[in-house]
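Trainee: For reference, the sequence and a predicted model appear below.
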Amino acid sequence: MGLFLAQLLTGLANAGALFMVASGLSLIFGVTRIVNFAHGSFYMLGAYVGYTLMQVLPGMVGFWGAILLAGIIVGLIGVIVEICVLRPVYSAPELFQLVATFGVILVIQDLTLMIWGAEDLLGPRAPGLKGVVRILDEPVPQYDLALIAITPFVAFALWYLISKTRVGILVRAATQDREMVGALGVNQSWLFTGVFFLGCALAGLGGAVQLPKGGADLLMDFNILTSVFVVVVIGGMGSLPGAYLAAVIISVLNVFGVSYMPQSTLVLMFVVMVVVLIFRPFGLFGKEEVAGEHGQVGEPERPIKPAGLRVRMLVLAGLVLLGLIPVLGSNFAEVLATDILIFCLFAASLHFMLGQGGLVSFGHAAFFGGGAYVAALLVTYADTPMELAMVLAPLGAGLAAVVIGWVCLRSTGVYFAMLTLAFAQLLWSLVFQWGDITGGDDGLVNIWPSAWASSNTVFFYLALVICVGGILLLRHAAHSPFGYALRAARDSARQAEAMGIHTKRIQWVAFAFAGAMAGIAGGLFVFSKGSVFPNELEIARSFDALIVVFLGGVKTLSGGWVGGASFEAVKDYLTRFEYWRLALGLLIIGVVILAPEGIVGSLRKLGERIGFLNAAEDKR
Amino acid sequence: MLELSNVNAFYGKAHVLNDLSFEVGRGKVVALLGRNGAGKTTTMKSIMQMVQPRGGSVSYQGQNITGWAPHRVAKAGLGYVPEERRIFTQLTVLENLEVGRQPPRDGCVTWSEEMLFELFPNLAERRGNRGKALSGGEQQMLTIARTLMGNPALVLLDEPSEGIAPVIVEQMARVILQLKQEGLTVLLSEQNLHFAQAVADSVVIIESGTQKFAGSLAALQAQPEIRDAYLSV
């Protein structure tokens, strides 16, 4: 009984930081409609800034002052980010801004590394709260009790701010219809900046307040991000009580999981989330998202046309050049080109789902890594030949997509995205924690291609044929009646339904199709590397594909692979430098600001201007 | 007070307003008439700069406001009442009014919640209710009241009689006349000629984004062929 209570208290204490970070994310999303991927980074910054301040400021006042100051400083950093990075891209197509926030993650990671170094920092203990209290004979840290007491006050202060003050009323009004708030004379830019300050300050507070329990390290940003997404989704986007309740549920669950089921702690969180969303698709306290009702921005979509003769010739010339790589280039060039090709197919599969279907997935790596693991497991445990494994990889990934798609498609919009992320993390944690079968962190190794394909040159040609074939197939699907139906479901689900299109089913098929195509890429990947590790299933991998799709251009047909090729090539070059993340992050932010239509969209505009391409004729 | 000259507006590549030019004099009620899809709402949004005109200019009290941010236009004294009753459904009636609140403005009525409840007695009983619980007519009243909280000098009323009960339409007409008495200038868009006749000093008729007539009500009465061609009576 005593142990049980002690664990419950630990869980409640852990919920404090999680709640602060999650409510910040939820607040920012509510008003700005930006899914702030960088929110974990602000949490991490809070920990580092708090750590430094605690070194300088003495005593109890210094300690709590440092936490408060850390929140304010991180909030101000958030303001800088909002003004410099996000403001220029508010008018860009929906969700494009998240690419910018991804750039911010990279920049903050490297800046933190530069300032504080790579070593983990052990958080100082709170002055005056260093001891433990015995409750039913179990030791409970005093600091935990302090956190349990403080969190409700933070929650109450936030609740008061949001529901009782004029600022809160404006924030809630803007959450529903920001254009109208502007038309009533409220300067939205400052409202956005204010909300960003508050959201980031909360994340910073969360980071600083957990210092005595955890410390500061460079992996904090991604580590918390998943839990925060889960909390926000379980609680319901934009709901403070929901965020609090969900933070408590997840934290308590984690503590109990660690003691009773150490093999499945990570999995547990996602299982709870999936269960909640099956019964309440918009979270415990959430309401259905009616995104885009009054927030639709940007130009209408351009109809998709088959490529013109000139573009075809250009692509053909590019393919010929690619085919000549083994003749002209080095062994290294072959390997690099193979990597790029595989990534292009992966990106193109996500692009199909996202661009044609409007289905924004945050967890597409599930199918890439899934395909890779299917092939690797088959080879390791059943001695399956490469050819068969490569066929079964997309089948396995496709099947997984059928199941995952069925659950995820019950929700829409940002909930859909979060669910896909949760499933990807679920797969990742399964692979990671089920070491007996999957090798866990050590991965599966010694998975080599069949003898005939074992030379880099032959494997390159194999990848070339499969990937180009796959990309053409995706393109073909976009031009088929299936593609029309999918776009109809994207643009106006209700109208499409009225025309007799079963939109959910069409989207389900698209989800499975995209999953299978990612599985092909995954199968190829294993054999090109000879091994597979859990990081092929990671969020970072999913985000890579997502970033690439947006950078390439969502509203173009070739955005996926063009973005994939450019990104991989640039990344390969940049990773030679020490602070490559900083450079890549800045580059991503630069592209987002300068070319909001993506690389292909901007090139197309340029092409039309110089007369290489025929300008789109007036549709009226 | 408000002057549009050669205003052109587009949605993407679609040309929706074509060289609109008209004036709204101080203290006047002007009705912008036209059928569904004629461009009335776009005209309103172009004045508020919620749709940025791509050509021509909008000036207010002699100042060119083209290209301003909508919140700046509102601060200058233009109050916009949208057609779709975009009230904040999750907020209470009082909170909705709070969103519209702006500092007092010289030469304009300074509205308080109580004055607005006098103008719209139905809202008074529902001050604590959420927007989503209101009836269509009450929502329409709330939209107007919310805009008045900004103490505007000129109100843009987009189809105030659209889709509400006839009794409430009458009440709307009384409110508009009362606003006029208080010294406010009103530009309202309408499909309903009878409603416009009851309140307006002059009319502007548009069709497919092009201006077909501008003049007094009497002048319109003298040209029934215009009325028959561009309005569904």
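Mentor: Alright, I've got the coordinates.

Trainee: Helix, strand, or coil at whatever residue of the stretch 51-200 of chain A ends up closest to chain B?
Mentor: The stretch 51-200 of chain A approaches chain B most closely through A:G185 (3.5 Å), counting by CB to the nearest CB. Using the backbone N, CA and C atoms, a C-beta is placed for each residue, glycine as well. Counting by DSSP: H, G, I helix; E, B strand; the rest coil, the backbone at A:G185 sits in coil.

Trainee: I'd guessed it sits against B:Q102; true?
Mentor: Yes: assessed by CB atoms under 8 Å, A:G185 is found in contact with B:Q102 at 5.1 Å.

Trainee: Show me which of these two is the more surrounded one.
Mentor: A:G185 (27 against 18; other CB atoms under 10 Å in any protein chain shown).

Trainee: Contact partners for that one?
Mentor: B:71, B:74-75, B:100, B:102, B:150 (CB atoms under 8 Å, 6 or more residues apart in numbering or on different chains).

Trainee: which residue packs closest to it, ignoring adjacent ones?
Mentor: Closest residue in space to A:G185, ignoring its immediate chain neighbours: B:A74 at 3.5 Å, by CB to CB, 6 or more residues apart in numbering or on different chains.

Trainee: Model confidence score at the residue of the stretch 51-200 of chain A closest to chain B, please.
Mentor: The confidence metric pLDDT takes the value 94 at A:G185.

Trainee: got the phi/psi numbers for it?
Mentor: phi 100, psi 10 (degrees, to the nearest 10).

Trainee: just B:V7 next, same as before
Mentor: With angles defined as degrees, to the nearest 10, B:V7 sits at phi -80, psi 130.

Trainee: Quick check: residues of chain B near chain A?
Mentor: Remark: the part of chain B in contact with chain A comprises B:11-15, B:48, B:50, B:69-72, B:74-75, B:80, B:82, B:86, B:88-91, B:95-96, B:98-102, B:146-147, B:150, using CB under 8 Å from any CB of the partner chain.

Trainee: Among those, which ones are in strands?
Mentor: B:11, B:14-15, B:80 (DSSP state E).

Trainee: Just put those residues in TSV and tack on distance to A:L388, neighbour count and pLDDT.
Mentor: Below are these laid out as TSV (distance: CB to CB, whole Å; neighbours: other CB atoms under 10 Å in any protein chain shown; pLDDT from 0 to 100):
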residue	distance to A:L388	neighbour count	pLDDT
B:Y11	54	12	85
B:A14	54	12	85
B:H15	59	17	88
B:Y80	66	27	95
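
Trainee: Pick the one among those closest to A:F4.
Mentor: B:Y80 (59.1 Å; CB to CB).

Trainee: Cross-check the contact I'm expecting between the closest one and B:M44.
Mentor: Yes: the pair B:Y80 / B:M44 is scored as a contact, 6.8 Å apart, by CB under 8 Å.

Trainee: just checking, what packs against the one helix or strand A:V99 maps to?
Mentor: Per DSSP states H and E, A:V99 falls inside helix A:97-116. Packing partners of helix A:97-116 (3 or more CB pairs under 8 Å, 6 or more residues apart in numbering or on different chains; DSSP states H and E): helix A:39-56, helix A:220-235, helix A:539-552, helix A:580-594.

Trainee: do you know which of the ones you listed lies nearest A:F270?
Mentor: helix A:220-235 (7.0 Å).

Trainee: which parts of the closest one are buried?
Mentor: For helix A:220-235, the neighbour count (16 or more other CB atoms under 10 Å in any protein chain shown) marks A:220-222, A:224-235 as buried.

Trainee: what do you get for stretch B:187-200?
Mentor: For stretch B:187-200, using 16+ other CB under 10 Å, the buried residues are B:187-193, B:195-196, B:198-200.

Trainee: With stretch A:402-417 instead?
Mentor: Applying 16+ other CB under 10 Å to stretch A:402-417 flags A:404-405, A:407-409, A:411-417 as buried.

Trainee: who touches that stretch?
Mentor: Residues contacting stretch A:402-417 (CB under 8 Å, 6+ apart): A:29, A:35, A:233, A:237, A:274, A:277-278, A:281-283, A:286, A:289, A:291, A:359-362, A:366, A:419-420, A:423, A:504, A:507-508, A:511-512, A:515.

Trainee: for residue 100, what are its contacts?
Mentor: Picked chain A for this. Contacts of A:A100 (CB under 8 Å, 6+ apart): A:85-86, A:89, A:588-589, A:592-593.

Trainee: that's the other chain; I wanted chain B
Mentor: By CB under 8 Å, 6+ apart, the neighbours of B:G100 are A:184-185, B:145-150.

Trainee: where's it relative to B:S161, distance?
Mentor: Distance, B:G100 to B:S161, using CB to CB, to the nearest Å: 21 Å.

Trainee: Then A:S558?
Mentor: 50 Å.

Trainee: All the helices of chain B, in order from the start?
Mentor: Secondary structure of chain B by DSSP state H: the helices cover B:40-48, B:70-75, B:93-100, B:113-119, B:121-125, B:136-148, B:166-181, B:193-199, B:217-221, B:224-230.

Trainee: What helices and strands are in contact with the longest one?
Mentor: Right, helix B:166-181. strand B:29-33, helix B:136-148, strand B:185-190, helix B:193-199.

Trainee: Please save the CA atoms from stretch A:528-541 in PDB.
Mentor: Provided in PDB are the C-alpha atoms of stretch A:528-541 (Å, rounded to 0.1, in the frame of the first residue of the first chain):
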ATOM      1  CA  SER A 528      21.500  -1.800 -49.300                       C
ATOM      2  CA  LYS A 529      22.800  -1.300 -45.700                       C
ATOM      3  CA  GLY A 530      23.000  -4.900 -44.600                       C
ATOM      4  CA  SER A 531      21.300  -4.000 -41.300                       C
ATOM      5  CA  VAL A 532      18.500  -2.200 -39.700                       C
ATOM      6  CA  PHE A 533      18.200  -0.300 -36.400                       C
ATOM      7  CA  PRO A 534      15.100   1.000 -34.500                       C
ATOM      8  CA  ASN A 535      15.900   4.600 -35.600                       C
ATOM      9  CA  GLU A 536      14.500   3.800 -39.000                       C
ATOM     10  CA  LEU A 537      11.100   3.900 -37.200                       C
ATOM     11  CA  GLU A 538      11.900   7.000 -35.200                       C
ATOM     12  CA  ILE A 539      10.000  10.300 -35.200                       C
ATOM     13  CA  ALA A 540      13.100  11.900 -36.700                       C
ATOM     14  CA  ARG A 541      12.700   9.600 -39.700                       C
END
